[in-house]
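Trainee: Here is my input; please provide its structure:
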Amino acid sequence: MKHRSAGPLGPLPEFLGQYVAAEGHIPDGIDVVPFFTPAGDKMWLVCDYALARRVLTDKRFSRAEAVTAHAPKLNDAQPVPNSMMSMDGADHSRLRRVVTKAFTTGRTTAMAPAIERLADRHLDAMEASGPGTDLIEGLAAPLPLAVLCSLLGVPPEDSTRFRDWVEVLFDISASTPQEKARRRLELIDYMADLIDAKRRRPEDDLLTSMIEAHEQGELSMGELLTMGLTLLMAGYETVVGQLGLSVHALLSDPAAYADLRDRPEELAPTVEELLRLTPSTPISFPRVAVEPVPLGSVTVQAGEGVIVSLLHGNRDGTTFTDPEGLDPQGHDAAHLTFGHGVHRCLGAPLARLQVRIVLERLVRRFPTLRLASGPEAVVWKDGLGTRGLSRLQVEW
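Mentor: Numbers count the residues shown, from 1 in each chain. Okay, here's the model as predicted:
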């Protein structure tokens, strides 16, 4: 898959990067444009904020239709029809209800002390190894992995194995199709064994709750297995990316880092601005029109695929007064980083909490933190549905 550099936004897939100008600037006046996916299929890319929100809530744009055999494909990966993210209507609501309680704001807030202790432990090690470190390896990768494993009930001793699986499946490490297939089967076998162990010895975790829902007839065994895998995969890689991107954006503008250090009361709105400006998920999942739908300057025909550029929507100059600037007090509209509508990211409160905890501690404990110099200090990942850094070398 071809990528194109977008300046401070890093490499983007060609179909997305072609609509980003030099130095990461988002051109005005783009609403809905055609493109060809890495799989060779034609789709529509929605770049306008208002139209993006409409697509994400309009039932005429179906997620379930997007995983059928005849639907246009974003890439060559096999679709997963029994995933909650690939369902519409009653089926989607049924599966979402099973896990919603684990991701409420109240439940997430209750996790804050444990996450703070984990963050402090990694920052202690970072400080001891100073005066420089790779922030991805030292903090942004291990923290969300530990948080997610704790939430789901994955034994801590298995976390390293899980990270190895994810790095192959998300194409972070060099891997062949055969290796990816083998690792996927390993992860499926692991999850099946873990479900069996939780069934015999229930614990107070999300996976046990999902098993109980299965035994009460609320979801099938296939849905249980897929949901466990989906939560592990999506909940880890996106948060690792968001932590690295958020810190990188702040350190790329030393004045912004100093402002947050000197005005900690602006932490919450600063987090929202960083989520808006540098989302780890630049695009939505594909949807397919079930009937002709007028959309901006085009009409999407039945059977055609649509993808929302969350990156473009978040920087829409008709919605945000300073669309490419970091202004904690400047915007009333909600960003699209976690999506919109019934498929909005369940883990948004938990992801937001981790970004907040990391930034609050960094500016307090490392007031002079800065990007290291040299061509290898910042290394970007090449991804399709996610963005992030594989290396972020910092100094203090």
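Trainee: Give the buried residues for the least confident helix or strand in the chain by mean pLDDT.
Mentor: Sorted by mean pLDDT, DSSP states H and E, the helices and strands of the chain end with strand 3-5, the least confident at a mean of 73. Using 16 or more other Cβ atoms under 10 Å as the burial criterion, the residues of strand 3-5 that qualify are His3. Glycine gets a C-beta too; all of them are placed from N, C-alpha and C.
Trainee: Show the subsequent helix or strand relative to that strand.
Mentor: Once the chain leaves strand 3-5, the next helix or strand it forms, by DSSP states H and E, is strand 11-13.
Trainee: Run me through the strand neighbours of that following strand, direction for each.
Mentor: Next to strand 11-13 in the sheet, as set by DSSP bridges, lie strand 3-5 (antiparallel).
Trainee: What lies in contact with the partner strand?
Mentor: 11-14, 17-18, 20, 382 (Cβ atoms under 8 Å, 6 or more residues apart in numbering).
Trainee: try 10 Å
Mentor: Strand 3-5 has contacts (Cβ atoms under 10 Å, 6 or more residues apart in numbering) with 10-20, 22-24, 380-384.
Trainee: List only those of these flagged as buried.
Mentor: Buried by 16+ other Cβ under 10 Å: 10-13, 15-17, 19-20, 24, 380-381, 383-384, out of these.
Trainee: would you turn the residues you listed into CSV with pLDDT and distance to Leu251?
Mentor: Compiled in CSV, the buried ones among the contacts of strand 3-5 are given as follows (pLDDT from 0 to 100; distance: Cβ to Cβ, whole Å):
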residue, pLDDT, distance to Leu251
Gly10, 92, 14
Pro11, 92, 19
Leu12, 93, 21
Pro13, 91, 25
Phe15, 92, 29
Leu16, 94, 24
Gly17, 92, 23
Tyr19, 93, 27
Val20, 92, 22
Gly24, 82, 16
Trp380, 96, 15
Lys381, 91, 18
Gly383, 81, 21
Leu384, 82, 26
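Trainee: Those: which two are farthest apart?
Mentor: Based on Cβ to Cβ, the longest span within the buried ones among the contacts of strand 3-5 runs between Tyr19 and Lys381 and measures 20.4 Å.
Trainee: okay, how far is it across stretch 317-324, tip to tip?
Mentor: Chord length of stretch 317-324, first to last residue, is 9 Å (Cα to Cα, to the nearest Å).
Trainee: what's the burial count for the residue lying closest to Gly339 once chain neighbours are set aside?
Mentor: Spatial nearest neighbour of Gly339, excluding adjacent residues (Cβ to Cβ, 6 or more residues apart in numbering): Cys345 at 5.5 Å. Counted with other Cβ atoms under 10 Å, the neighbours of Cys345 add up to 19.
Trainee: Next one: Cys345 from Leu231, what distance?
Mentor: Shown here: Cys345 relative to Leu231, a distance of 11 Å by Cβ to Cβ, to the nearest Å.
Trainee: Between the two, which contacts overlap?
Mentor: Residues touching both Cys345 and Leu231 (Cβ under 10 Å, 6+ apart) are Phe103.
Trainee: Please, where are all the strands along the stretch 51-200 of the chain?
Mentor: In the stretch 51-200 of the chain, the strands defined using DSSP state E, counting those that start in this stretch lie at 61-62, 132-134.
Trainee: I'd like to check which residues are in contact with the closest residue to Pro79 other than its chain neighbours.
Mentor: Nearest residue to Pro79 in three dimensions, chain neighbours excluded: Val67, at 3.6 Å (Cβ to Cβ, 6+ apart). Residues near Val67 by Cβ under 10 Å, 6+ apart: 73, 78-83, 85-87, 285-286, 288.
Trainee: With Arg161 instead?
Mentor: Counting by Cβ under 10 Å, 6+ apart, Arg161 touches 154, 186-187, 190.
Trainee: start to end distance for stretch 69-88?
Mentor: For stretch 69-88, the end-to-end distance is 17 Å (Cα to Cα).
Trainee: quick one on the thing from earlier: report the two of the contacts of Arg161 separated the most.
Mentor: So for the contacts of Arg161, where distance means Cβ to Cβ, the most widely separated pair is Val154 and Glu186, at 14.4 Å.
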